[in-house]
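Undergrad: only geometry, no sequence info:
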């Protein structure tokens, strides 16, 4: 028997409590797993919203959703996690080419259209850059922050969501191709 914080007797099993605390501590040190808990739910139909590109021309996501796998990244020019994901996006483009659609939706937080256009011209990210000035995409996909990735399979269903630079985007896109 031990006393709890109120001075009452408690039947805490110290070895079990130690194990639980150890496992909880280990879990907190592991990278955030994919299938992010915030944002659009995996298995739902991806919203076919229209968002302007960096030149102000509308792009209807419905034109590509349900035709082939689509990877959508919600990003910003200042986002270091987004920059860290670029090599994976380049690998996806080289591996699958035009059999997968890569779309980068700039969330416009502290980013002007001019700044985004300059960034795209200078860094040449492997995605079609959209500028979500009205927040249509962010609201439709319930975006929790930058570096948020949504992969949609060829049937138009969300097959993966994740956030941060520890994601395996190549595997997420490969999985989207395997959906029967």
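TA: Good, I have the coordinates. Note that this is a predicted model, so its numbers are computed, not measured.
Undergrad: now do the contacts for residue 79.
TA: 146, 147 (C-beta atoms under 8 Å, 6 or more residues apart in numbering). C-beta: built from backbone N, CA, C; applies to glycine.
Undergrad: tell me the confidence at it?
TA: If you check residue 79, the pLDDT there is 97.
Undergrad: for residue 20, same thing?
TA: Residue 20 is given a pLDDT of 30.
Undergrad: what do you get for residue 38?
TA: 81.
Undergrad: now residue 12
TA: 39.
Undergrad: could I get the buried residue list for stretch 81-100?
TA: Neighbour counts over stretch 81-100 (16 or more other C-beta atoms under 10 Å) mark 81, 82, 83, 85, 86, 88, 89, 92, 93, 96, 100 as buried.
Undergrad: is the first one in a helix, a strand, or coil?
TA: Reduced to three states with DSSP: H, G, I helix; E, B strand; the rest coil, the structure at residue 81 is helix.
Undergrad: checking my notes, residue 160 in a helix, right?
TA: No. Counting by three-state DSSP, residue 160 is located in no helix; its state is strand.
Undergrad: my guess is it contacts residue 170. True?
TA: No. The criterion here is C-beta atoms under 8 Å, and residue 160 misses it with residue 170 at 11.3 Å.
Undergrad: returning to what we had before: which two from the buried residues of stretch 81-100 end up farthest apart in space?
TA: 81 and 96 (22.8 Å; C-beta to C-beta).
Undergrad: one step back: and which of the buried residues of stretch 81-100 is nearest residue 65?
TA: Using C-beta to C-beta, those come closest to residue 65 at residue 100, 12.3 Å.
Undergrad: residues in contact with the closest residue in space to that closest one that isn't next to it in sequence?
TA: Excluding its sequence neighbours, the residue lying closest to residue 100 (C-beta to C-beta, 6 or more residues apart in numbering) is residue 69, at 4.7 Å. Residue 69 makes contact with 96, 99, 100, 101, 151, 152, 153, 154, 159, 173, 176, 177 under the criterion C-beta under 8 Å, 6+ apart.
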